[in-house]
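Participant: Need coordinates for the following:
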Amino acid sequence: MHNIKADFVSIGKNTFIEPSASIRGINGNARSVRIGDNCYIGEYVQIICDDFSLGDYSKIHHHTNIHGYLPCKIGHNAWIGQYSIIDSIGGTTIGNNCGIGAHSQLWSHIKYGDTLEGCRFLSEKPLQIGNDVWFVGHCIVSPIVAEDKSMAMVGSVITKDMKYNEIYAGSPAKSISDKIGFQFQQVSIEEKLQKMNSYLKEFGSTAKIKIVSSINEVNFEDDISYFDVSSRRYKKVLSDEEIRFMKFLLPARAKFVPFE
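Facilitator: Here you go, the predicted structure:
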């Protein structure tokens, strides 16, 4: 593709990259660009990073900018809103099933002031985002660690690490989970199984998809897509039914990632 400049390029099945998007390294070709299956890269997205990877079923919407000297790794089922900035100068890792609302800024460095003149502010630090983390929109995020399932409400300015499943708001953002609860509540395996089977029925039951409650029920030798509700993983066969079902589930019904 003419708008990707890299020494190694891997683009998955059914992935569409708008012609106006640009993907390259800091000083010419990137070393490696890996984009999973069924992804979308929107208009005028800029990815300027020597080592970039994006998981399956991820979307980066228009005018988003991703840049940095160090690797930027983004997991499966990511949704990155319009006009967002993801900085990887200090290195950025974003887990599976993460949402980054429009106009958010995720930073891994601070650099500008004249250090010869004595400016004290110059640092780079990895930004580490766990799984199922959600920045609702217009969030500004310092190089922190966001533990799995943490969440920041719209307009939050996050300067400290975010704890597991807690919800943050404000500037600087503080946990408000003692007032409004947590992002995720406990759901039993039986409830998940029942709900997923109802989704499959609504989708239109097919012999090519099975909902199971344990990896022990998965047959890795046949051509059926198994969705295990206990691990939130599925056996990826890339059949048309599986792809349509994944798109039916995303973003709000359910999120699954492939068995490795």
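Participant: what's the top helix by length along the chain packed up against?
Facilitator: Secondary structure of the chain per DSSP state H: the longest helix is helix 189-203. Identification of packing neighbours for helix 189-203 by 3 or more C-beta pairs under 8 Å, 6 or more residues apart in numbering; DSSP states H and E yields strand 209-212, helix 240-249. (Each C-beta comes from the backbone N, C-alpha and C, glycine too.)
Participant: Contacts for the shortest one, please.
Facilitator: Read that as strand 209-212. The contact list for strand 209-212 (C-beta atoms under 8 Å, 6 or more residues apart in numbering) reads 193, 196-197, 200, 217-218, 224-229, 241-242, 245.
Participant: Run the chain-centre distance for it.
Facilitator: 24 Å (C-alpha atoms, centre = their mean, to the nearest Å).
Participant: so what strands line up beside it?
Facilitator: Here strand 209-212 has these sheet partners by DSSP bridges: strand 225-228 (parallel).
Participant: Could you point out the helix or strand that follows the strand it pairs with?
Facilitator: strand 233-234 (DSSP states H and E).
Participant: Please list the outside residues in contact with that next one.
Facilitator: Contacts of strand 233-234 (C-beta under 8 Å, 6+ apart): I215, S225, Y226, F227, D228, E242, M246, F256, V257, P258, F259.
Participant: Neighbour count, pLDDT and distance to Y83 for the residues you listed - can I get that in TSV?
Facilitator: Listed next are those as TSV, based on neighbours: other C-beta atoms under 10 Å; pLDDT from 0 to 100; distance: C-beta to C-beta, whole Å:
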residue	neighbour count	pLDDT	distance to Y83
I215	14	97	40
S225	24	98	35
Y226	21	98	38
F227	25	98	34
D228	24	98	36
E242	21	97	32
M246	24	98	27
F256	26	98	29
V257	20	98	27
P258	16	98	30
F259	14	97	35
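Participant: so which of the helices and strands packed on helix 189-203 comes closest to N96?
Facilitator: helix 240-249 (13.2 Å; C-beta to C-beta).
Participant: rewinding a little: CA atoms only: put the longest helix of the chain into CSV for me.
Facilitator: Provided in CSV are the C-alpha atoms of helix 189-203 (Å, rounded to 0.1, in the frame of the first residue of the first chain):
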residue,chain,number,x,y,z
ILE,A,189,-20.7,-17.8,34.0
GLU,A,190,-24.3,-19.0,33.8
GLU,A,191,-25.6,-15.5,33.2
LYS,A,192,-23.0,-14.9,30.5
LEU,A,193,-23.8,-18.2,28.8
GLN,A,194,-27.5,-17.4,28.8
LYS,A,195,-26.9,-13.9,27.4
MET,A,196,-24.5,-15.0,24.7
ASN,A,197,-26.9,-17.7,23.6
SER,A,198,-29.6,-15.1,23.3
TYR,A,199,-27.3,-12.9,21.3
LEU,A,200,-26.6,-15.9,19.0
LYS,A,201,-30.3,-16.5,18.6
GLU,A,202,-30.9,-12.8,17.8
PHE,A,203,-28.0,-12.9,15.3
